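> Quick check, what structure comes out for this input:
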Amino acid sequence: MASIDTLKSTISKKGGLAKGNRFNVIFTPPTQSLLNLNPETLVGSLLSGTFSVQNLISDPRDISLLCQSAQLPGRQISTIDYQAHKQAVPIPYTVINEDVQLKFLLTNDYYMKILFDNWESAIIDVPNYKIGYKKDFSTDVVIQQLNEKNVPVYGVKLENAFPTTVTAIELDNSAENTVQELSVTLSYDNFVPEGPVSSTGSALRQASRLLGI
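Have a look, this model is predicted:
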C-alpha cells in the first residue's frame, strides 16, 4: 500500500484536490437581451427601492454568482444481452444523459425567477397552448470546475439545453431567517466534455450572445 507521503506527492504534482465549491455556470437564455427594459420589471424595482442603472444591463456574471449549486452530468451506457457461445454478454446500444439540477439564490427583484418564467413562456405559450421551435428556446450551458485561482480545469457544454422543471417557492411565516432559493432542472441534447482552453472559449461565446456577436 502506498505511503501517505506518496499520496501527498501525487496530489501535489496534479495541482491539489478539486474543491466542490469552486465552479462556474455560464449561459445566456434565448429570451434575455443586452438591455432590461421590461416596463413592469422597471416599475416594480422603482416601487421596491431596488432600482439601479446597472440593472438595465444584463450581465452574464450575475447568473454565475447567484448559482448556489450545479452538477457535472453523468452518462449511462445502456446495454442489451447478446447470447454468445455459452453465456450472454452485454452489448452497448445507446447512452442516457442525466438531467442537470441547478439551484439559485433569489434576490429581492426576483431576477432568476423572472428569467426562468420568461424562458418557460418561450417554450410553451400556456394561454394559447402553443409550443415554440426548439432552436428558438434552447441554448448551450457551460459548467466548469475551477481551481483555487478560478481557472477552469474541466468543463462540460450542455448542447441545446432548456428548463423542464422550475420548482415551487415555499413561503413560510416561520422562515424569518432563511433565504429564498430556486431549483431548476435542465434537459439537453448532449453534453460535451471540455478541457481548460475549449471550456473558456465556450464560456466566452455564451457571454457574447448578449452582444449578438
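
> list the contacts for T139?
27-30, 160-162, 206, 209 (CB atoms under 8 Å, 6 or more residues apart in numbering). Backbone N, C-alpha and C define where each C-beta goes, glycine included.

> Tell me how far it lies from S183.
19 Å (CB to CB, to the nearest Å).

> Burial check on W119, number of neighbours?
With neighbours defined by other CB atoms under 10 Å, the count for W119 comes to 20.

> helices or strands up against the helix or strand hosting it?
Taking DSSP states H and E as the criterion, W119 maps to helix 111-123. Identification of packing neighbours for helix 111-123 by 3 or more CB pairs under 8 Å, 6 or more residues apart in numbering; DSSP states H and E yields helix 60-66, helix 134-137, strand 152-166, strand 181-187.

> Could you identify which of the ones you listed has the lowest mean pLDDT?
With a mean of 89, helix 60-66 has the lowest mean pLDDT of these.

> Tabulate the CA atom coordinates of it in PDB.
The C-alpha trace of helix 60-66 is given here as PDB (Å, rounded to 0.1, in the frame of the first residue of the first chain):
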ATOM      1  CA  PRO A  60     -23.900  37.000 -17.600                       C
ATOM      2  CA  ARG A  61     -21.800  37.000 -14.400                       C
ATOM      3  CA  ASP A  62     -25.000  37.600 -12.400                       C
ATOM      4  CA  ILE A  63     -26.200  34.100 -13.200                       C
ATOM      5  CA  SER A  64     -23.000  32.500 -12.200                       C
ATOM      6  CA  LEU A  65     -22.700  34.500  -8.900                       C
ATOM      7  CA  LEU A  66     -26.300  33.600  -7.900                       C
END
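
> If you count neighbours, what's buried in it?
60, 62-64, 66 (16 or more other CB atoms under 10 Å).

> Mind picking the two most distant members of those residues?
Farthest apart among the buried residues of helix 60-66 by CB to CB are P60 and L66. That separation is 11.4 Å.

> need the helices for this structure, in chain order.
4-13, 39-48, 60-66, 111-123, 134-137, 196-208 (DSSP state H).
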